[in-house]
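*Asks:* what's the 3D shape of this:
(one chain, ligands or ions: 2)
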Amino acid sequence: MEGVDHLAHERNRAQFDVDEMKIVWAGSRHAYEVSDRMSRLVANDPAFRKDNRAQLTRKELFKNTLRKATYAWKRILELKLSEEEAGRLRFFVDEPAFTDLHWGMFVPFLKGQGTEEQLQKWLPLANRLQIIGCYAQTELGHGSNVQGLETTATFDPKTDEFVIHSPTLTSSKWWPGGLGKVSTHAIVFSRLITDGQDYGVHGFLVQIRSLNDHSVLPGITIGDIGMKFGNGAYNTMDNGVMHFDHFRIPRDQLLTRISQVTREGKYVQSDAPRQLVYGTMVFVRKAIVIDASSALSRAVCIATRYSAVRRQFGSQDGVETQVINYKTQQSRLFPLLASAYAFRFVGEWLQWLYTDVTQRLAASDFSTLPEAHACTAGLKSITTAATADGIEECRKLCGGHGYLCSSGLPELFAVYVPACTYEGDNVVLLLQVARFLVKTMSQLASGKKPVGTAAYMGRLQHLMESSCKVQKAEDWLNPSVVLEVFEARSARMSVECAKRLGEFTNQEEGFQELSPSLVEAAAAYCQLIIVSKYIEKLQGDIPGKGIKEQLQILCSIYALYTLHKHKGDFLSTSTITPKQASLADDQLRSLYSQVRPNAIALVDAFNYTDHYLGSILGRYDGNVYPNLYDEAWKDPLNDSAIPDGYHEYIKPLLKQQLRNARL
Ligand SMILES: CCCCCCCC/C=C\CCCCCCCCCCCCCC(=O)SCCNC(=O)CCNC(=O)[C@H](O)C(C)(C)COP(=O)(O)OP(=O)(O)OC[C@H]1O[C@@H](n2cnc3c(N)ncnc32)[C@H](O)[C@@H]1OP(=O)(O)O
Ligand SMILES: Cc1cc2nc3c(=O)[nH]c(=O)nc-3n(C[C@H](O)[C@H](O)[C@H](O)COP(=O)(O)OP(=O)(O)OC[C@H]3O[C@@H](n4cnc5c(N)ncnc54)[C@H](O)[C@@H]3O)c2cc1C
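*Replies:* Ligands and ions are numbered 1, 2, ... in the order given. Coordinates of the predicted model:
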């Protein structure tokens, strides 16, 4: 059976052109071609093998990651890959490494905050990996509360230097990836103090290790923070701890696009808002949304293929039922499939928003920064939470075999789940969205017209009074009906929060008290964005046989499943009636039946190689059982029939039992 395509029958049932869908998924033909080429390059190179990760010790794992990351860099140079190609190559290598933080945070921070002079000095070194950088913001005592960071950078006018110091144990930098063992440089967030005054947190470029022998520079203490969740998984990364003892850096290593300190020690701020120092976080949060669609689609691909291969019960004609045909399986799996597509499209839109805000900032237009912050923070929160839960659901959808490392799902979950925490704890980020909504509501009262994703608030009166027009199940397929109920639910939840906030004399106290409801209102706003951006996508030109139809089905599933899951919100705000909620469920069931014949082709459209999936259950050819069986024998425990420890433990135990029985 080796090499037989067990899923061929499923693929023949598809009602759309899967090759065209691959292009939609990738974002463009060009993006598809780059991804396709890079994924194959990685898959066909034995140096990128990854099936042994769970068996390695931490030290072996880490060294192996260093080998792969440096080998990847060598290939990037040899093949003269573009920045885009290099990024995709690293993505398909699929192993968290110091390079993630170097390219993902250190270089973007440098580009965003450095002056021309600073860029000329540092960027070429960073771009050639002659220095390796990390992003050292979080401390032992503070992560979410960036303004609470304790590391100090005190200007010394006598020597024209900043003195970086960790005044307490809790001010030790803690968590930065790549810091523990690899980085030579770090962006260190510290409180800028000059002339006795504290000007708050700023980014400084600090060399932390010797470029000759990699020793940690005198005055700095650095180490790895220890093993993290799961075997293998994120333990390929050297998340680090760093403590400074009056360590000196030249004044020109304050990254000074936003503010400067003169030779005399005078603090000079530009016109730009100080929040621009958080710009790299906006950049990364945006990238994390696209990454959520990648991680979720990967889990869904595994669970969908395996659900078509796996059979249990119902043997009428001698063949048991494929578990994918069970309605419960479909009602758990297909919303995740739809979410993967929805997150992809909202990620594409977020990329547009980010580019737009960046261009505006370059022209000193800061007006859309609050919305960009709210959208990136909120969507990062909603998509990572749904993806982490979704991966775990996919594991359960694969039954017992999903719990094996060879399913690929345990490691995917362990690597992915910190996304709910890093780059901003998800609840903390939703509270930021809530603040944005409260502010938007209060500005309405003063006549300010809401724009962008908040424009619907301009129709507040209508949304407060409107009633849902759905009378039969198919009415739920009408995008304008769906959009309006999501808008009305979001508006009503925000208005309710604003009303209750108004009952507090102290607004901040009210905000704290009502924060659980505010987080729910923020989530409703983000779900509205996801639904509305998907609907907008469908209004564009989408060529290819059957593509638009499939995407419409998935869009309706995402919206109606979200409605089903948050039925309480929609009912308690009287946005829909119980009868309309029940009609939405009827429509959802019918949509699942429409997805069923296309399910395998819809996950094939992700175009993942077997190497990237890293899952026997998700193999393209569906030949699961022989491979699962063979894989078991490769476990080191099976090297010998009699295990190590038999003579020490099992034999004496059995003898003891035998003796006891004889007595
Ligand atoms: C192929 C290569 C792969 C590369 C991978 C590279 C890494 C990532 C790159 C791409 C991602 C790809 C996919 C990822 C794969 C996995 C990679 C894993 C990498 C892990 C990286 C993790 C790194 C980190 O975690 S770094 C540390 C991040 N820390 C945080 O996020 C802290 C969270 N806290 C905050 O952000 C803030 O402090 C706050 C938002 C909670 C604000 O608190 P506050 O109210 O006290 O704030 P302030 O007083 O300072 O300000 C209030 C004021 O400012 C506005 N505001 C706040 N934040 C922003 C912002 N970011 N932008 C704009 N404005 C902002 C806020 O709204 C207030 O405004 P007002 O008008 O109301 O005053
Ligand atoms: C794998 C991983 C990689 C990381 N990489 C880096 C890196 O490269 N560089 C870096 O600088 N940092 C990094 N971090 C740190 C990360 O950014 C922080 O852990 C994250 O921002 C959360 O902050 P915290 O740990 O302080 O959580 P806390 O804020 O202590 O959260 C604890 C709990 O308190 C709640 N909470 C906190 N504040 C509030 C509030 N105001 N209202 C209500 N609830 C609240 C949270 O919801 C949470 O439930 C990494 C973290 C991880 C897990």
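
*Asks:* measure the residue in the stretch 1-150 of the chain positioned nearest to ligand 2 to ligand 1 for me?
*Replies:* Across the stretch 1-150 of the chain, the shortest distance to ligand 2 (CB to the nearest ligand atom) belongs to G143, at 2.3 Å. Every residue, glycine included, has its C-beta placed from N, CA and C. Here G143 is placed at a distance of 6 Å from ligand 1 (CB to the nearest ligand atom, to the nearest Å).

*Asks:* burial of that residue, as a residue count?
*Replies:* Under the neighbour criterion other CB atoms under 10 Å, G143 is assigned a count of 18.

*Asks:* and E503, by the same measure?
*Replies:* 9.

*Asks:* with K634 instead?
*Replies:* 12.

*Asks:* again with K449
*Replies:* Here the count is done by other CB under 10 Å, and K449 has 10 residues near it.

*Asks:* wasn't it part of a helix?
*Replies:* No. Read with DSSP: H, G, I helix; E, B strand; the rest coil, K449 is coil and lies in no helix.

*Asks:* isn't it right up against G458?
*Replies:* Yes. Under the criterion of CB atoms under 8 Å, K449 is in contact with G458, at a separation of 5.9 Å.

*Asks:* residue in this protein with the shortest distance to ligand 1?
*Replies:* Scanning the chain for the residue nearest ligand 1 gives G104, at 2.0 Å (criterion: CB to the nearest ligand atom).

*Asks:* from memory that residue sits against I288, does it?
*Replies:* No. Under the contact definition of CB under 8 Å, G104 does not touch I288, with a separation of 9.9 Å.

*Asks:* more neighbours: which of the two?
*Replies:* When G104 and I288 are compared on other CB under 10 Å, the one with more neighbours turns out to be I288, at 24 against 21.

*Asks:* measure M38 to A605 for me?
*Replies:* Between M38 and A605 the distance, using CB to CB, to the nearest Å, works out to 17 Å.

*Asks:* more neighbours, these two?
*Replies:* For the pair M38 and A605, the greater number of neighbours falls to A605 (26 against 22), based on other CB under 10 Å.

*Asks:* let me know the helix or strand that the closest residue to the more buried one other than its chain neighbours is in.
*Replies:* The spatially closest residue to A605, leaving aside those adjacent along the chain, is M21, at 3.8 Å (CB to CB, 6 or more residues apart in numbering). In the assignment (DSSP states H and E), M21 maps to helix 18-26.

*Asks:* alpha carbons of that helix, as CSV, please.
*Replies:* Output of helix 18-26 as CSV, limited to C-alpha atoms (Å, rounded to 0.1, in the frame of the first residue of the first chain):
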residue,chain,number,x,y,z
VAL,A,18,-7.7,23.5,-5.8
ASP,A,19,-4.7,25.0,-7.7
GLU,A,20,-6.5,28.4,-7.9
MET,A,21,-7.4,28.1,-4.2
LYS,A,22,-3.7,27.6,-3.3
ILE,A,23,-3.1,31.1,-4.9
VAL,A,24,-6.0,32.6,-2.9
TRP,A,25,-4.6,31.1,0.3
ALA,A,26,-1.1,32.3,-0.4
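
*Asks:* closest to the centroid, which residue in the protein?
*Replies:* With distances taken as CA atoms, centre = their mean, the residue of the chain nearest its centroid is I288 (3.6 Å).

*Asks:* that residue reaches C420, doesn't it?
*Replies:* No. In this structure I288 lies outside contact range of C420 using CB under 8 Å: 10.2 Å.

*Asks:* for the closest residue to G223 other than its chain neighbours, what are its contacts?
*Replies:* In this structure, G223 finds its nearest non-sequential neighbour in V241, 5.3 Å apart by CB to CB, 6+ apart. Contacts of V241 were listed using CB atoms under 8 Å, 6 or more residues apart in numbering, and they are 140, 172-174, 179-180, 221-225.

*Asks:* could you redo the last one with a cut-off of 7 Å?
*Replies:* With contacts taken as CB atoms under 7 Å, 6 or more residues apart in numbering, V241 has the following neighbours: 172-174, 222-223, 225.

*Asks:* check whether the host helix or strand of it contacts ligand 2.
*Replies:* Counting by DSSP H and E, the element that carries V241 is strand 240-244. No. Strand 240-244 is not in contact with ligand 2 by CB under 6 Å from any ligand atom; minimum separation 8.8 Å.

*Asks:* next SSE after that strand?
*Replies:* Downstream of strand 240-244, the next assigned helix or strand under DSSP H and E is strand 247-250.

*Asks:* quick one: contacts of stretch 313-320?
*Replies:* The set of residues external to stretch 313-320 that reach it, using CB under 7 Å, 6+ apart, is 311-312, 321.

*Asks:* so what sits opposite the residue nearest to G223 in the bridge?
*Replies:* For V241, the beta-bridge assignment (DSSP bridges) gives partners W174, G223.

*Asks:* ranking the contacts of V241 by neighbours, who comes first?
*Replies:* The member of the contacts of V241 surrounded by the most neighbours (other CB under 10 Å) is K173, with 29 neighbours in all.

*Asks:* is it true that that one touches I225?
*Replies:* No. With contacts counted by CB atoms under 7 Å, K173 stays clear of I225, the gap being 10.0 Å.

*Asks:* for this protein, what lies in contact range of ligand 2?
*Replies:* Among all residues of the chain, those adjacent to ligand 2 (criterion: CB under 6 Å from any ligand atom) are 101, 135-138, 143-144, 175-177, 234, 239, 418, 421-425, 427-428, 431.

*Asks:* so F155, which of the three states?
*Replies:* Reducing the assignment at F155 to three states with three-state DSSP gives strand.

*Asks:* dump the residue contacts of it.
*Replies:* With contacts defined as CB under 7 Å, 6+ apart, the neighbours of F155 are 162, 193-194, 251, 261, 265.

*Asks:* circling back to that earlier point, quick one, grab the pLDDT at the residue of the stretch 1-150 of the chain closest to ligand 2.
*Replies:* We note a pLDDT of 98 for G143 in this prediction.

*Asks:* so what's D569 closest to, chain neighbours aside?
*Replies:* The shortest distance from D569 to any non-neighbouring residue, by CB to CB, 6+ apart, is to R489 (5.6 Å).

*Asks:* now I616: how far from N627?
*Replies:* Note on I616: its distance to N627, by CB to CB, is 5 Å.

*Asks:* ditto for G314
*Replies:* In this structure, G314 and N627 are 25 Å apart, going by CB to CB.

*Asks:* neighbour count winner among those two?
*Replies:* Set G314 next to N627 and count neighbours by other CB under 10 Å: N627 wins out with 15 against 12.

*Asks:* phi, psi of the more buried one?
*Replies:* Per-residue torsions, N627: phi -70, psi -40 (degrees, to the nearest 10).

*Asks:* and it, how far from L129?
*Replies:* Computed as CB to CB, the N627 to L129 distance reads 38 Å.

*Asks:* chain center to the host helix or strand of L563: distance?
*Replies:* Of the helices and strands defined by DSSP H and E, L563 is found in helix 547-565. Relative to the mean C-alpha coordinate of its chain, helix 547-565 is positioned 22 Å out (CA atoms, centre = their mean, to the nearest Å).

*Asks:* quick one: contacts of it?
*Replies:* Contacts to helix 547-565, defined as CB under 7 Å, 6+ apart, come from residues 16-17, 20-21, 24, 334-335, 337-339, 341-342, 476-477, 482, 527, 531, 534-535, 538, 542, 570, 584-585, 587-588, 591, 594-595, 598, 602.
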